[in-house]
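Peer 1: generate a structure from the sequence data that follows.
(one chain, ligands or ions: 1)
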Amino acid sequence: MYLQLFKMTAVTLIVFLLVMTNYAESANILYVIPFSAMSHYIFLKSIGLELAHRGHNVTVITTFMEKNPPPNYRQISVVNKNMWELIGEGAEAPNIFDLVDLSPEEFQSKIHWPGGVAFTDLVLSSPEVVEFLKKDNQFDLVICEQFFQEALYTLSVKYNAPLAIISTFGNCMRHNLVTRNPLQLATVVGEYLSVNNPRSFSGRLRNFYFTVYEYFWWRYWYLDKQEQLVPKYFPELVGKTPSLYDLQKDASIMLINSHFSYDTPFALLPNIVEIGGAHLSRSNTSLPEDLQKLLDESKHGVVYVSFGSNVRSADLPEEKKKAFLNVFKKLKQTVVWKWEEDILEGKPNNLVIRKWFPQKEILAHPNIKVFIAHGGLIGMQETIFNGVPVVGIPIYSDQHNNLVLAEEAGFGKLLQYHDITEKNLDKALHDVLNNDSYMKKAKELQKIWKDRPMSPLDTAMFWLEYVIRNKGAEYIKNPARNMNWFAYNMVDVYAFILAILTIVIALIVKVISTITIFLFGDQVKTTTKKKRS
Ligand SMILES: *[C@@H]1O[C@H](CO)[C@@H](O)[C@H](O)[C@H]1NC(C)=O
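Peer 2: Next up, the predicted model:
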């Protein structure tokens with residue numbers, strides 16, 4: 001009788017434990033990555049899909065839809081509009097090559113900030129999202145992309161779950177300021193700033209100015225606009241949710257898309273983790289047959305040209321287009337160019353155009369000799385991963401910095417957009433094609449880029465699951481984030497020491513002068529008198 005009862009209790013206990021462990025291992029995760037740029041999605045989707053492959057119940061808010069997702073990967077779709085349609089008159093996208101002439105400050109104030117607010121509004125008003133938010137869901141973790149969509153951090157409050165932030169960029173100056181990660185302005189450049197020589201006096205001055213400009217406008221003007229979306233879409237949370245600034249400050253973890261082998265090495269808090277190139281960890285797809293054949297048969301090698309998913313080569317001004325064609329037609333190599341229209345007038349025979357190429361797989365082909373690129377981070381990581389040298393023409397955002405790093409590392413050459421002429425292009429391309437050092441450096445970097453204790457995708461998985469396991473890992477957060485600025489910068493301590501020093505020096509001076517007068521007072525007076533008379 002007692003034995004029976006004992007057995008039953010034991011069985012119940014074991015079943016209960018199994019259910020509990022299972023529950024702990026497979027979490028409900030909300031993954032918020034709606035931004036409508038393909039390059040962002042390529043990086044971000046690898047994380048969401050991997051979480052699903054590991055058995056988590058993943059709900060994704062996204063613009064791009066996976067065709068055959070696993071059953072535990074649910075997609076909530078956002079109305080598909082890009083930032084260009086949302087800013088300005090909602091008319092046509094601007095010619096992206098015109099963005100070359102915007103200063104980083106203008107890029108923030110004219111594109112990222114207004115575009116970000118309009119885009120966040122679009123996400124929260126998308127019918128599927130509205131429907132989803134009405135349901136009674138529960139999540140163990142909310143992961144948000146950090147790209148000018150701060151109002152979405154409120155979802156972590158709605159579901160009472162820890163917040164993880166993920167960036168398709170590397171270092172984020174604003175996040176450093178918010179969480180009190182050391183700024184390291186002498187070596188670490190703001191992610192959207194272009195400087196040629198970051199460590200020179202003018203480079204550091206420029207970096208300082210941009211960082212201050214960006215932070216103040218972001219915090220005191222832009223974030224206010226995001227804040228206004230919170231009562232509009234989460235009326236039930238009014239008065240119950242911290243400010244968006246505080247939500248970002250208290251995020252459990254931030255995953256950033258960099259690695260010190262290529263990006264500038266810098267000090268990071270334990271909850272800012274580098275996962276540079278996570279989208280390449282599980283990439284093993286092969287080339288379509290026709291492309292495989294074309295590349296195999298290109299015995300003199302191949303030049304691959306693409307300005308990424310956002311920038312259309314077909315929008316190049318006529319004279320620049322001609323410069324490219326004149327250079328390409330003199331090459332013995334095959335040229336493969338992502339060209340977004342059906343025809344390209346004056347196309348030489350060694351040039352193959354298509355509207356889209358499987359870039360990762362092309363760059364992996366051993367016959368690729370050089371990648372002519374715009375320096376976007378995802379493409380740069382793909383080229384490093386495959387050890388291919390670069391000729392880069394930056395257009396906007398972090399592209400210039402990425403190419404400065406490539407030049408420093410010796411596997412790339414930077415050509416300014418306004419300097420594109422037949423002569424300059426020819427020179428840059430021939431330099432990289434004929435000078436072995438570029439390929440050698442590319443192969444060296446490829447090796448050290450991959451030399452890590454864990455693949456970047458596994459690293460991302462570890463830290464996201466870590467945050468779930470440890471219920472937000474409160475203890476990992478920097479205590480300095482809650483101090484006021486003068487205490488954090490030790491201003492009060494320095495002021496105190498300065499005051500003590502001043503008092504001590506004043507006292508010493510006083511004592512010395514008193515002693516002097518006491519000992520030699522009469523003499524001093526007599527000497528002065530003598531001199532006067
Ligand atoms: C998975 O998440 C969805 C929300 O998208 C929810 O409806 C469903 O109940 C969850 N499944 C499990 C097994 O928790």
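
Peer 1: when you work out contacts or count neighbours from here on, use the C-alpha atoms and nothing else.
Peer 2: OK.

Peer 1: OK, now which residue of the stretch 401-533 of the chain is nearest to the ligand?
Peer 2: Ile468 (14.8 Å; C-alpha to the nearest ligand atom).

Peer 1: which ones are touching the residue in the stretch 151-300 of the chain that the ligand sits nearest to?
Peer 2: Proximity of the stretch 151-300 of the chain to the ligand (C-alpha to the nearest ligand atom) peaks at Tyr159, 11.8 Å away. By C-alpha atoms under 8 Å, 6 or more residues apart in numbering, the residues touching Tyr159 are Asn137, Gln138, Phe139.

Peer 1: shouldn't the last one be within a helix?
Peer 2: So the one you mean is Phe139. No. In this structure, Phe139 is coil, not part of a helix, as judged by DSSP: H, G, I helix; E, B strand; the rest coil.

Peer 1: secondary structure class of Tyr31, three-state.
Peer 2: Tyr31 ends up strand, using three-state DSSP.

Peer 1: still on that earlier bit, can you tell me how far the residue of the stretch 151-300 of the chain closest to the ligand sits from Leu294?
Peer 2: Applying C-alpha to C-alpha, to the nearest Å, the value for Tyr159 to Leu294 is 52 Å.

Peer 1: please apply the same query to Lys510.
Peer 2: Relative to Leu294, and taking C-alpha to C-alpha, Lys510 is found at 89 Å.

Peer 1: repeat for Thr168
Peer 2: Counting by C-alpha to C-alpha - Thr168 and Leu294 are separated by 32 Å.

Peer 1: where does the stretch 1-150 of the chain dip in pLDDT?
Peer 2: 1-24, 88-94 (pLDDT under 70).

Peer 1: again, only using 80
Peer 2: The model of the stretch 1-150 of the chain has pLDDT under 80 over residues 1-25, 82-85, 88-96.

Peer 1: quick one: name the residues of it near the ligand.
Peer 2: When proximity is defined as C-alpha under 6 Å from any ligand atom, the stretch 1-150 of the chain approaches the ligand at Asn57, Thr59, Arg74, Asn137.

Peer 1: which residues in the chain form strands?
Peer 2: Applying DSSP state E to the chain gives strands spanning 28-33, 57-62, 73-77, 141-145, 163-166, 253-256, 272-274, 302-305, 334-338, 351-354, 368-373, 390-392, 412-414.

Peer 1: hey, which of these is tucked in deepest?
Peer 2: strand 390-392 (a mean of 30; mean count of other C-alpha atoms under 10 Å).

Peer 1: so for that one, what's the average pLDDT?
Peer 2: Mean pLDDT, strand 390-392: 97.

Peer 1: cool, and stretch 349-359?
Peer 2: Averaged over stretch 349-359, pLDDT sits at 94.

Peer 1: how far away from the center of its chain is it?
Peer 2: On the basis of C-alpha atoms, centre = their mean, to the nearest Å, stretch 349-359 sits 28 Å off its chain's mean C-alpha point.

Peer 1: just the pLDDT for the residue sitting nearest the centre point of the chain.
Peer 2: The centre of the chain sits closest to Phe169, judged by C-alpha atoms, centre = their mean, with a distance of 1.2 Å. We note a pLDDT of 95 for Phe169 in this prediction.

Peer 1: ditto for Leu519
Peer 2: On the pLDDT scale, Leu519 gets 88.

Peer 1: one step back: who are the neighbours in contact with the residue nearest to the centre of the chain?
Peer 2: Residues near Phe169 by C-alpha under 8 Å, 6+ apart: Glu191, Ile256, Asn257, Ser258, Leu377.

Peer 1: please report how far the spatially closest residue to Leu445 that is not a sequence neighbour lies from the ligand.
Peer 2: Leaving out its chain neighbours, the residue that sits closest to Leu445 by C-alpha to C-alpha, 6 or more residues apart in numbering is Ile384, at 6.7 Å. According to C-alpha to the nearest ligand atom, to the nearest Å, Ile384 and the ligand sit 36 Å apart.

Peer 1: give the contact list for Ile384.
Peer 2: If you count contacts by C-alpha under 8 Å, 6+ apart, then Ile384 has Ala442, Leu445, Gln446, Trp449 around it.

Peer 1: need the longest helix for the chain.
Peer 2: helix 491-532 (DSSP state H).

Peer 1: any idea how far that one is from the chain center?
Peer 2: 58 Å.

Peer 1: swap in stretch 315-335?
Peer 2: With C-alpha atoms, centre = their mean, you get 32 Å for stretch 315-335.

Peer 1: what's the average pLDDT for that stretch?
Peer 2: Per-residue pLDDT values over stretch 315-335 give a mean of 95.

Peer 1: what's the first-to-last distance across that stretch?
Peer 2: 19 Å.

Peer 1: residues of that stretch that come out buried?
Peer 2: 320-323, 325-329, 331, 333-335 (16 or more other C-alpha atoms under 10 Å).

Peer 1: so can I have a markdown table of these showing distance to the ligand?
Peer 2: Formatted as a markdown table, the buried residues of stretch 315-335 follow (distance: C-alpha to the nearest ligand atom, whole Å):
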| residue | distance to the ligand |
| --- | --- |
| Lys320 | 49 |
| Lys321 | 48 |
| Lys322 | 51 |
| Ala323 | 51 |
| Leu325 | 50 |
| Asn326 | 54 |
| Val327 | 53 |
| Phe328 | 50 |
| Lys329 | 53 |
| Leu331 | 53 |
| Gln333 | 50 |
| Thr334 | 48 |
| Val335 | 45 |
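
Peer 1: spell out which residues make up each domain of this protein.
Peer 2: 26-281+455-482, 289-450, 490-533 (automatic domain parsing).

Peer 1: and for Gln359, the neighbour number?
Peer 2: Per other C-alpha atoms under 10 Å, the neighbour tally for Gln359 reads 17.

Peer 1: hmm, I was thinking of Phe520
Peer 2: Neighbour number of Phe520 under other C-alpha under 10 Å is 12.

Peer 1: how about the helices in the stretch 101-250 of the chain?
Peer 2: Using DSSP state H, counting those that start in this stretch, the helices of the stretch 101-250 of the chain run over 104-106, 113-125, 127-134, 154-158, 173-179, 201-217, 223-227, 229-233, 244-249.

Peer 1: what does the second one rub up against?
Peer 2: Right, the one you point to is helix 113-125. By C-alpha under 8 Å, 6+ apart, helix 113-125 touches 34-35, 78-79, 83-84, 86-87, 129-130, 147-149, 151-152, 222, 225-226, 229, 233.

Peer 1: re earlier: wait, the residue of the stretch 401-533 of the chain closest to the ligand touches Asp140, no?
Peer 2: Yes. Contact criterion C-alpha atoms under 8 Å: Ile468 and Asp140 qualify, at 6.5 Å.
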